[in-house]
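Undergrad: Quick one, what's the 3D model for this:
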Amino acid sequence: MIKAVRGTRDLLPPETETWNFVESAVRDLFRLYNFSEIRTPVIEDLQLFQRSVGEETDIVSKEMFAWEDRARAASEKGQFLALRPENTAGVVRAYIEHKLWERPGLQRFYYIGPQFRRERPQKGRYRQFYQIGAEVIGPPAAGSESPAVDAEVLEMLAALLDNLGIKGWTLELNSVGSAEDRRRFNEALQAALKDVVHTMCADCQRRAQTNPLRVLDCKVPEDQPIIEKLPRIGEYLDESSRTHFDEVQKILLAVGVPFVLNPRLVRGLDYYTRTAFEFTHGALGAQNAILGGGRYDGLSESLGGPPAPGIGFAIGEDRLVMTLHESAGVAARPVDVYIAPLGPGMNVEAARLARELRRQNVVVSLGDESFRLKKSLETASKMGARYALIAGENEVKSGQFALKNLNTGEQVTLPAAQIASKLRP
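TA: As a prediction, this is how the structure comes out:
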């Protein structure tokens, strides 16, 4: 028997009802903030992620699904491709390719779709996983560098979690400064790690040489006492970065979005600058981040585009759904009525009834005229239908239909025109 590839899974009913609920809530809320959907390919040029995410990051060096595409002719070189491990780089690539800076104002995009990373599957983490994300990007003249943009994005995310009924989330906030701030901080980190890194895990030993900031991401318990003594990036922020971060906090306090400062919070991708954030939740265990993001003011230039400061985030939809189940729960809308056609030719009549009821927003499941009444009622009960509607030759001729409440056993006879109003919750 062939099974789903390790690290992937099938999303089945009724769980997909929760996914649909989440995505519908996302689309409704994001529209209120003037975000529009963008859809980029799941396959991109490998260079896109090497130049944006960073060749020394775990994502690019360890986790990407990448391959050389076969050339069309022997004289041609193959192109190196990758399944997207994240979507910000693809959105910025599209921004540059289609010259979206020529449109007025800031560009506000959101996306919903699969991403791919070759990492060890664990609770809420898969090799094919789903993200909901958004990006705000544009030329500096459009206000793209403003801390007000950062605060608005964070306020929108707080509203989304509240709207979904997720309680007990925590917004963790930090600033990773400008590129120059990070350069000075990385030098300080390397100096501080020089005499102790040999006692740390293998990943930290490698990161200390290639990307010292990532050492702060380490989750190995034995390394935490060392990490706690390392310099903090807040000590290396220039005046501009401090002012920007202070203004973000000021606006969040004004609009009533609670947050905690986490001086150890860094994002794992090279393109992040200034504001960095995560929303966490206790229901997810040690790996407790529901979503994260930050500002990336130099990303467009690194990909050959014009100056276009931006900020974005990605929500792990798999983990968001898990949190929703554990903290709130979403009940799938039940089948309102199961129509039981009884006798030859009744499938046609049942289909007519179903079409009319569905036009009135009634969830209908159809039986088959070959079923006996007992089987139809048993099937309706097993699928959790609220009512069963009997459509036999006598009912069709009289225009009066028997409607049975499967929870109470009560049965009434109604004309077709009154069935929908009876079925509405």
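
Undergrad: Surely residue 247 is in contact with residue 149?
TA: No. Using CB atoms under 8 Å, residue 247 is not in contact with residue 149, being 10.8 Å away. Quick note: C-beta positions are derived from backbone N, CA and C, even for glycine.

Undergrad: Who has more neighbours out of the two?
TA: Between residue 247 and residue 149, counting by other CB atoms under 10 Å, residue 149 is the more crowded of the two (23 against 15).

Undergrad: close enough to count as contact, residue 223 and residue 205?
TA: No. Between residue 223 and residue 205 there is no contact, the gap being 10.3 Å when judged by CB under 8 Å.

Undergrad: Neighbour count: these two, which is higher?
TA: Neighbour comparison, residue 223 and residue 205: the larger count goes to residue 223, with 18 against 14 (by other CB under 10 Å).

Undergrad: Tell me who's in contact with that one.
TA: Counting by CB atoms under 8 Å, 6 or more residues apart in numbering, residue 223 makes contact with 200, 201, 204.

Undergrad: Now do stretch 186-200: distance from first to last residue.
TA: Stretch 186-200 has an end-to-end distance of 18 Å (criterion: CA to CA, to the nearest Å).

Undergrad: What strand or helix carries residue 133?
TA: Using DSSP states H and E, residue 133 sits within strand 128-137.

Undergrad: same thing with residue 158?
TA: helix 147-163.

Undergrad: Leaving aside the residues adjacent along the chain, what's closest to residue 125?
TA: Setting aside the residues directly before and after it, residue 125 is nearest to residue 119 in space (CB to CB, 6 or more residues apart in numbering), at 6.7 Å.

Undergrad: and the one you found, which of the three is it?
TA: Following DSSP: H, G, I helix; E, B strand; the rest coil, the label given to residue 119 is coil.

Undergrad: burial count for it?
TA: Neighbours of residue 119 (other CB under 10 Å): 16.

Undergrad: Quick check: it vs residue 62, distance?
TA: Residue 119 sits 8 Å away from residue 62, going by CB to CB, to the nearest Å.

Undergrad: go on, residue 410?
TA: When residue 410 is compared with residue 62 (using CB to CB), they lie 62 Å apart.

Undergrad: and if you look at residue 6?
TA: Distance, residue 6 to residue 62, using CB to CB: 17 Å.

Undergrad: Show the subsequent helix or strand relative to the helix or strand of the chain at the bottom of the mean pLDDT ranking.
TA: Least confident helix or strand, the chain: helix 58 with a mean of 66, by mean pLDDT, DSSP states H and E. Next helix or strand after helix 58 toward the C-terminus (DSSP H and E): strand 66-68.

Undergrad: Could you tell me the per-residue confidence at the closest residue to residue 399 other than its chain neighbours?
TA: Nearest non-adjacent residue to residue 399, counting by CB to CB, 6+ apart: residue 415, 5.7 Å away. For residue 415, the model assigns a pLDDT of 90.

Undergrad: Tell me the bridge partners for residue 415.
TA: When bridges are called by DSSP bridges, residue 415 pairs up with residue 400.

Undergrad: Hmm, residue 364 and residue 337 touching each other?
TA: Yes. Residue 337 lies in contact with residue 364 (CB under 8 Å); the separation is 5.7 Å.

Undergrad: Who has more neighbours out of these two?
TA: residue 337 (27 against 20).

Undergrad: Report the contact partners of the more buried one.
TA: Contacts for residue 337 (CB under 8 Å, 6+ apart) come out as 357, 362-365, 385-389, 403, 419, 423.

Undergrad: now it: how far from residue 397?
TA: Computed with CB to CB, the distance linking residue 337 and residue 397 is 21 Å.

Undergrad: Then residue 41?
TA: Distance, residue 41 to residue 397, using CB to CB: 57 Å.

Undergrad: So which of these two has more stuff around it?
TA: residue 41 (11 against 8).

Undergrad: tell me the contacts of the more buried one?
TA: 84, 90.

Undergrad: Dihedrals phi and psi, it?
TA: Backbone torsions for residue 41, taken as degrees, to the nearest 10, come to phi -60, psi 150.

Undergrad: hmm, back to that, lowest pLDDT pick from the contacts of residue 337?
TA: Lowest pLDDT of the contacts of residue 337: residue 423, 85.

Undergrad: doesn't residue 336 make contact with it?
TA: Yes. Using CB under 8 Å, residue 423 makes contact with residue 336 at a distance of 4.8 Å.

Undergrad: how would you label residue 340: helix, strand or coil?
TA: strand.

Undergrad: Tell me what it is bridged to.
TA: In this entry, residue 340 is beta-bridged to residue 390, by DSSP bridges.

Undergrad: which residues sit in contact with it?
TA: Per CB under 8 Å, 6+ apart, neighbours of residue 340: 350, 367, 371, 373, 376, 377, 380, 388, 389, 390, 391.
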